[in-house]
Structures are given as structure tokens and as C-alpha cells.
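>>> What follows is a protein structure lacking sequence information:
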């Protein structure tokens, strides 16, 4: 889920927040502020301000709860590639209890590459929780002694 385009996270977040919308001619725009009748919008690809559009001229892209959860997980994974260690820490924390089988190989790779001990620890816990829920003893063993929400380094 690593992207060379720094805008990827913003697009995912905009979709999650309901700010990624489509005009009548099929152009995707970001709603910058959704107050009042007319909303300021920008082009999704260029970021160029397009002025204001009536909210009636915009079509919100609907998402269901399943997609909403997938978007949150995708954003968390994108954040794991951030050079900002605090963003990676927050992301790793967010993944606790949210990992699925498709995500495990990616997280295993990230655990090996991660330099920050806190991020590595939380990712290891996140994978272990998934494995324990899947009935794998390795997951249960990896969680032994780590059931307290406060990490050992605090």
C-alpha cells in the first residue's frame, strides 16, 4: 500500500470524510468547506481552486460501513510508510484489533524494516491479535504478558 503519490492519503481521507465528490460532468473535486449553499472546491489531481459550486451540482460518493472500515485501514497502512514517527506510531496503534489476513504479509515486512521500537512493538501486537483470533497458538504466545494497554517503555 505504499504510494509514490503523497496525495493518496489525502484522497482516501477525503473519500472517508465525504469531501471527495463528483461534478455533473464527471470531474472529481475536493470539497474544501461544506457550509452554506455553495461550497469551495478544488481539482482532485492538481489542487487548483475551482471556485464555489452549488452543493446540488455535486454528487457525493456514497460508502458503506464495510468500505469505511477498509478506508480507515488503508489510511493506517499508508501512514506506516510516513517519515514522521508519530504518524507511524498512531497508525500502528490504530491497527490493533483491525488486521485481516490480507494485511499480515505487509505488516510482517514493515515490522522487519521499522526502526522505531514502539511502532515495531505495536505492529507485532496487531499481527499477534489477528493470529490469536484466527486460533493460532503463535499469536497467543506473542501476546503473553502484553495485555496491558500501556506499553513497557512508558
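In hand now; what should we look at? Since the structure is predicted, the reported quantities are computational estimates derived from the model, not experimental observations.
>>> Contact partners for the spatially most central residue of the chain?
With distances taken as Cα atoms, centre = their mean, residue 75 lies nearest the centre of the chain, 1.4 Å away. Contacts for residue 75 (Cβ atoms under 8 Å, 6 or more residues apart in numbering) come out as 9, 12, 13, 16, 91. To be clear about C-beta, it is placed using only N, CA and C from the backbone, and glycine gets the same treatment.
>>> among these, who's most crowded?
The most crowded member of those, judged by other Cβ atoms under 10 Å, is residue 91 (22 neighbours).
>>> mind checking which helix or strand that one is in?
helix 85-94 (DSSP states H and E).
>>> immediately after that helix, which helix or strand?
Criterion used, DSSP H and E; the element after helix 85-94 is helix 104-113.
>>> returning to that earlier point: report the two of the contacts of residue 75 separated the most.
Distance extremes for the contacts of residue 75: the farthest pair is 16 and 91 at 14.5 Å, using Cβ to Cβ.
>>> contacting residues for the residue of the chain most remote from its centre?
Of all residues in the chain, residue 37 has its C-alpha farthest from the mean position, at 30.1 Å, by Cα atoms, centre = their mean. Residue 37 makes contacts with 54, 55, as judged by Cβ under 8 Å, 6+ apart.
>>> Can you give me the distance of it to residue 20?
Going from residue 37 to residue 20 by Cβ to Cβ, to the nearest Å gives 20 Å.
>>> Would you confirm that residue 99 contacts residue 130?
Yes: using Cβ atoms under 8 Å, residue 99 makes contact with residue 130 at a distance of 4.0 Å.
>>> which neighbours do those two share?
In contact with both residue 99 and residue 130: no residue, using Cβ under 8 Å, 6+ apart.
>>> Neighbour count: those two, which is higher?
Higher neighbour count among residue 99 and residue 130: residue 99, with 24 against 21, using other Cβ under 10 Å.
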